[in-house]
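Undergrad: Could you look at this predicted model? Sequence included:
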Amino acid sequence: MALAIVTGGSRGLGFTTARALYEAGHRVVLVAKDPVRLAQAAKELHCEFRSIDLEDLKQTQEVFTEMLQTFGAPQILVLAHGVMSEKMSKTLRTTPQEWRRVMAINLDSVFCAVNIFGAAMAEARDGRIIIYSACLGRMSGPGNAGGLAPYRISKAGVNALVRNLAHETAHGARGLLVDAVCPNHTRTDMGGPDAPLSVEEGSDTAIWLATRSFDPEKDKTGFLWEEREIIDW
């Protein structure tokens with residue numbers, strides 16, 4: 001039984017991923033902002049939880065550090081939290097406040113989680129980090145179409161963080177795997193009720209990455225994945 005920490009775990013892709021890990025027999029700890037909704041989700045999965053405002057980086061660092069001390073290093077870390085930027089947030093129209101809000105939640109808090117939990121996972125030589133990114137963060141695809149600048153750029157930053165960390169940790173040869181996932185347009189609060197994919201379909205690749213067998217001689221880590229395939233970003 002592995003310890004799995006899942007952020008954004010009170011709803012949507014995060015909760016669906018956490019539920020799959022729980023049903024696979026893993027011990028799950030949920031992280032999210034809304035304490036009421038989070039407590040309800042944790043009750044359903046019979047697990048512990050921590051409520052954090054991930055825009056508050058000081059609080060985020062403090063709570064993640066406490067969690068590491070309390071639970072120890074996780075074997076699975078799924079970062080499924082995130083926010084969309086305002087509809088008209090083009091680069092030349094975005095306010096510094098909106099830029100900072102989106103970057104803090106989508107990228108800075110991801111760094112905090114990787115920096116705190118990932119260091120312990122790397123030291124244990126046993127861990128998988130899966131970060132929900134987005135196809136809008138693909139600079140080789142729809143990510144270069146403009147608009148929603150803070151969101152697109154924060155997700156491109158996630159993809160770069162994953163690639164850089166994979167290089168630093170020998171692409172899985174030292175026991176730490178790190179990957180990003182594009183869930184595609186999914187029926188979540190962000191994606192809306194008319195999105196083509198269910199949350200089960202959108203979370204499939206993340207769940208697979210968290211539980212797959214891995215041979216460093218032939219398997220790959222450090223990439224952006226979509227439908228269990230590596231895609232360019």
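TA: Noted; the coordinates are in hand.
Undergrad: Which stretches in this structure count as strands?
TA: Ranges of strands within the chain are 3-7, 27-32, 48-51, 76-79, 127-132, 176-181, 224-226, 229-231, based on DSSP state E.
Undergrad: To Tyr151, which of those lies closest?
TA: Closest approach to Tyr151 among the strands of the chain (C-beta to C-beta): strand 127-132, 12.7 Å. In short, each C-beta sits where N, CA and C put it, glycine included.
Undergrad: and that closest one, what other elements does it pack with?
TA: Counting by 3 or more C-beta pairs under 8 Å, 6 or more residues apart in numbering; DSSP states H and E, the packing neighbours recorded for strand 127-132 are strand 76-79, helix 149-168, strand 176-181, helix 199-211.
Undergrad: For Thr16, which of the ones you listed is the nearest?
TA: helix 199-211 (4.5 Å).
Undergrad: If you tally nearby residues, what's the number for the residue nearest to Leu45 when sequence neighbours are not counted?
TA: Nearest-residue entry for Leu45: Tyr22, 4.6 Å, with adjacent residues in sequence omitted and distances by C-beta to C-beta, 6 or more residues apart in numbering. Tyr22 has 18 neighbours, counted by other C-beta atoms under 10 Å.
Undergrad: Now do the contacts for Tyr22.
TA: Taking C-beta atoms under 8 Å, 6 or more residues apart in numbering, we find Tyr22 in contact with 28, 45-47.
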